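S.K.: generate coordinates for the sequence data below:
(one chain, ligands or ions: 1)
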Amino acid sequence: MNNAEQIVKETVQHWRENLNRLNWYLCLESDVRRYFFHSPKSDVEKRVRWALYDLVADALEKGQVGLGKDGINWDAERKPIQFAVIHHSGTNPNISISCLSAMGLLRLYTPVYLNQKEYPEAYGQPIYSHHWRDNEQVFYAYHWLIRPDGTMERLLEDHQIGWHCGSWTINCASVGICLAGNYSSKEPTSSALRSLNKLFKTYPTVKAVPHRAVNRRIQCPGSWSATESCNHHDGDH
Ligand SMILES: [Zn+2]
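M.R.: Below you'll find the model as predicted:
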């Protein structure tokens with residue numbers, strides 16, 4: 001076993017031993033910060049990150065992650081929907097929805113629960129999303145997922161706030177639509193774009209914006225013209 005494999009194995013083992021504790025993210029804080037608060041700095045970090053996504057996805061499915069059964073109602077500030085923010089997952093297009101839930105938990109929820117200064121009411125508490133599906137708590141960032149073959153899957157309900165775009169104000173007033181796959185350097189399939197249009201027609205008063213228009217430091221969902229693909233349905237956006 002080489003050094004990288006050893007690090008992956010030991011880290012996964014350490015997480016497996018702690019993940020069912022209600023304060024697992026405090027026990028594992030240094031790892032959480034190292035692997036999920038910024039992009040991986042090395043190939044080893046990338047491998048550990050994905051091994052942990054897989055571990056946490058599996059543990060979420062089996063109800064083996066320590067989570068709150070009750071807690072803050074993060075949806076209390078939901079506003080009428082004004083925007084549909086378009087994302088890509090930046091991953092393999094076949095990524096499982098439990099892996100997307102694990103990614104949301106580790107990259108979106110832990111930074112809030114570890115931030116004593118800005119979220120004193122959440123800090124140190126068992127993590128709680130207020131979002132449930134089939135009796136399991138879920139941490140999806142998006143309301144909809146579209147696969148390359150055009151299949152659409154609902155992840156969050158519209159009355160729920162998805163933590164998808166980095167701006168709480170816009171999260172409160174938007175739905176997040178994610179194209180599964182990485183479209184940094186290629187266009188989504190025509191089937192995916194057809195579904196995106198079809199979906200968008202179900203939100204007739206809503207303006208479509210690519211994620212990169214909300215946060216100009218990022219490329220999501222790639223450089224293809226996401227809004228052109230969405231806003232032409234009635235020509236008045
Ligand atoms: Zn995005």
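
S.K.: show me what contacts Glu17?
M.R.: By Cβ atoms under 8 Å, 6 or more residues apart in numbering, the contact list for Glu17 is empty. Any C-beta I mention is one placed from the backbone N, CA and C, and that applies to glycine too.

S.K.: ok, Arg21 - contacts?
M.R.: 27, 66.

S.K.: please report how far Ile218 lies from Thr110.
M.R.: Counting by Cβ to Cβ, to the nearest Å, the gap from Ile218 to Thr110 is 19 Å.

S.K.: quick one: which of these two has more around it?
M.R.: Thr110 (22 against 14; other Cβ atoms under 10 Å).

S.K.: which strand or helix spans the more buried one?
M.R.: helix 110-113 (DSSP states H and E).

S.K.: mind exporting that helix as CSV, just the C-alpha atoms?
M.R.: C-alpha atoms of helix 110-113 as CSV (Å, rounded to 0.1, in the frame of the first residue of the first chain):
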residue,chain,number,x,y,z
THR,A,110,-20.7,22.2,8.3
PRO,A,111,-19.3,25.7,7.6
VAL,A,112,-22.4,27.1,9.3
TYR,A,113,-22.4,24.8,12.2
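
S.K.: tell me which helix or strand comes right after that helix.
M.R.: Toward the C-terminus from helix 110-113 - assigned by DSSP H and E - lies strand 132-133.

S.K.: paired strands for that next one, with orientation please.
M.R.: Here strand 132-133 is paired, per DSSP bridges, with strand 136-137 (antiparallel).

S.K.: check which residues of the lengthiest helix in the chain are buried.
M.R.: In the chain, assigned by DSSP state H, the helix with the most residues is helix 43-61. Neighbour-count burial for helix 43-61 flags 44-45, 47-49, 51-53, 55-61 (criterion: 16 or more other Cβ atoms under 10 Å).
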